[in-house]
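>>> sequence and computational prediction follow.
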Amino acid sequence: MSRVADVSSEALGRQIGRLGQANVGALIDAERRRGRGTLSKRSSRFEKETREEADDGWGSLESLQALKTNFHVEKPRTIITRNDSPDISFDRSINPYRGCEHGCVYCFARPTHAYMGFSPDLDFETEIFVKEGAAQLLERELSAPGYVPKTIAIGTNTDPYQPAEKSHRVMRSILEVLARANHPVGIVTKSALVLRDLDLLAPMAAKGLAKVAISVTTLDRRLARVMEPRAATPELRLDAIAQLSAAGVPTAVMTAPIIPAINDDEIEKILMRAHAAGAREAGYVLLRLPLELRDLFTEWLVAHFPDKARRALALVRSTRDGKLYDSSFGTRMKGEGPYAWMIGRRFELAAARLGFSQKTKLRTDLFEPPRRAAQQLSLF
């Protein structure tokens, strides 16, 4: 499936140039970036200076070790993020981590790493920010006077069950707070680690307080390895759907993103397998390429699928009014034009034929604000 070539930055630049792109990052040696999604490192778009590795003739690059994941402690002042976007079904979310080790090349959250002074490419995968004290912040915000409960979405930006969660357990601590407060939560992940928290999710689901969406991008393990190298295999994700569903947790499948000419032929097969596993709700998102992601994805596409790159990018442009991305509300998730219309109809027809119809509405009437440590006990 993958046809990665150990090409030079100049050669890759020429290939990309023919496709109308200009910004090529400094390629990192294949051995050093083994298991990572992107190919290069750029400086943050907010930096005044740009830096890249260069061979000085003394073999200095050859002696460099493989890229390692570094963890940084972040102590935010708030943990619930609010939004008023008209094309998003939730108005609040939590992201336990910044950056994601899964390495999904298509991740639309990559450009946000620039706000931390890091690049959206390999830095996004190797420089992970852990939001220390997230549970305590959440308790404080849920207990604030006048707080009105609505479903909190988790996993809308970076995956809450990425590898860092195994040791840092930020997501686990957040779920424990939500469970004690009877607060509704909707989770999106592509990790089987979500099954670790079934002891919390199943009782919450029984009260109508939890649902989980599993992202299944492809059923092809080789393609998955190229697109999302450190995420769970497709089979493990389908097994997670099965186990969540068997435990009574309302489960959805997200065929996201749909990438023209790469995985768009799998829509019906993914829906069929997910429904058989127990998913009863389904959604999709067409590939989104904001800011630096346009160049990152083009670079990856040319290196891995040179025979499909031109067609894939042409189809993306056909859904974005001739551009590689359009951030307009209402169309940024699904695109427009004949190709986008065709994808939408295929998805809708397959979902209807298989019986995807459930729309789980979570309860808010059971909410009990957490009691602050310094709060006086009630008399009755």
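Now that the structure is in, tell me what you want to look at.

>>> would you state the strands of the stretch 1-150 of the chain in chain order?
26-27, 40-41, 70-74, 81-82, 92-94, 97-98, 127-131 (DSSP state E, counting those that start in this stretch).

>>> and the fifth one, which residues are buried?
By neighbour count, and taking 16 or more other CB atoms under 10 Å as the criterion, the buried residues in strand 92-94 are Ser93, Ile94. In short, each C-beta sits where N, CA and C put it, glycine included.

>>> nearest to Val177, of the strands of the stretch 1-150 of the chain?
Closest approach to Val177 among the strands of the stretch 1-150 of the chain is made by strand 92-94 (10.2 Å; CB to CB).

>>> partner strands of that closest one and their direction?
When pairing is defined by DSSP bridges, strand 92-94 lines up against strand 81-82 (antiparallel), strand 152-154 (parallel).

>>> got these as JSON lines, with mean pLDDT, distance to Lys68 and mean neighbour count columns?
Below are the strands paired with strand 92-94 laid out as JSON lines (pLDDT from 0 to 100; distance: least, CB to CB, whole Å; neighbours: other CB atoms under 10 Å):
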{"stretch": "strand 81-82", "mean pLDDT": "94", "distance to Lys68": "29", "mean neighbour count": "12"}
{"stretch": "strand 152-154", "mean pLDDT": "98", "distance to Lys68": "27", "mean neighbour count": "23"}
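
>>> turn those into JSON lines, columns for distance to Val73.
Formatted as JSON lines, the strands paired with strand 92-94 follow (distance: least, CB to CB, whole Å):
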{"stretch": "strand 81-82", "distance to Val73": "19"}
{"stretch": "strand 152-154", "distance to Val73": "20"}
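
>>> remind me, longest helix of the chain?
With secondary structure taken from DSSP state H, the chain has its longest helix at helix 338-354.

>>> now do the buried residues in it.
Tyr339, Ala340, Ile343, Gly344, Arg346, Phe347, Ala350, Ala351, Leu354.

>>> what does it rub up against?
For helix 338-354, contacts defined as CB atoms under 8 Å, 6 or more residues apart in numbering pick out 255, 258, 260, 264, 267-268, 271-272, 275, 282, 284, 286, 315, 318-319, 334-335.

>>> make a PyMOL selection of the buried ones in these.
In PyMOL, this line selects whichever of the contacts of helix 338-354 come out buried by 16+ other CB under 10 Å:
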select buried, resi 255+258+260+264+267+268+271+275+282+284+286+315+318+319+334+335
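
>>> so which of the contacts of helix 338-354 belong to helices?
Using DSSP H, these in helices are Ile267, Glu268, Leu271, Met272, His275, Leu315, Ser318, Thr319.

>>> what sits closest to the fourth one if chain neighbours are left out?
The one in question is Met272. Leaving out its chain neighbours, the residue that sits closest to Met272 by CB to CB, 6 or more residues apart in numbering is Leu354, at 6.3 Å.

>>> what's the answer for the second one, then?
With sequence-adjacent residues excluded and distances taken as CB to CB, 6+ apart, Glu268 is closest to Ala350, at 4.5 Å.

>>> distance of the one you found from Thr298?
29 Å (CB to CB, to the nearest Å).

>>> what does Leu201 give?
39 Å.

>>> how many neighbours does Arg311 have?
Number of residues near Arg311 (other CB atoms under 10 Å) recorded here: 13.

>>> and the strands of the stretch 1-150 of the chain: which comes nearest Arg237?
The nearest among the strands of the stretch 1-150 of the chain, by CB to CB, is strand 97-98 at 19.3 Å.

>>> re earlier: so can I have CSV of the ones in helices among the contacts of helix 338-354 showing pLDDT and distance to Pro234?
CSV is the format used below for the ones in helices among the contacts of helix 338-354 (pLDDT from 0 to 100; distance: CB to CB, whole Å):
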residue, pLDDT, distance to Pro234
Ile267, 98, 14
Glu268, 98, 15
Leu271, 98, 13
Met272, 98, 13
His275, 98, 15
Leu315, 97, 23
Ser318, 97, 28
Thr319, 96, 25
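
>>> hmm, which two among those are most spread apart?
Most distant of those, by CB to CB, are His275 and Ser318, 29.6 Å apart.

>>> tell me where the model's unsure across the stretch 151-300 of the chain.
The stretch 151-300 of the chain contains no residues with pLDDT under 70.

>>> tell me where it has helices.
165-168, 170-180, 198-206, 221-227, 234-246, 267-277, 293-304 (DSSP state H, counting those that start in this stretch).
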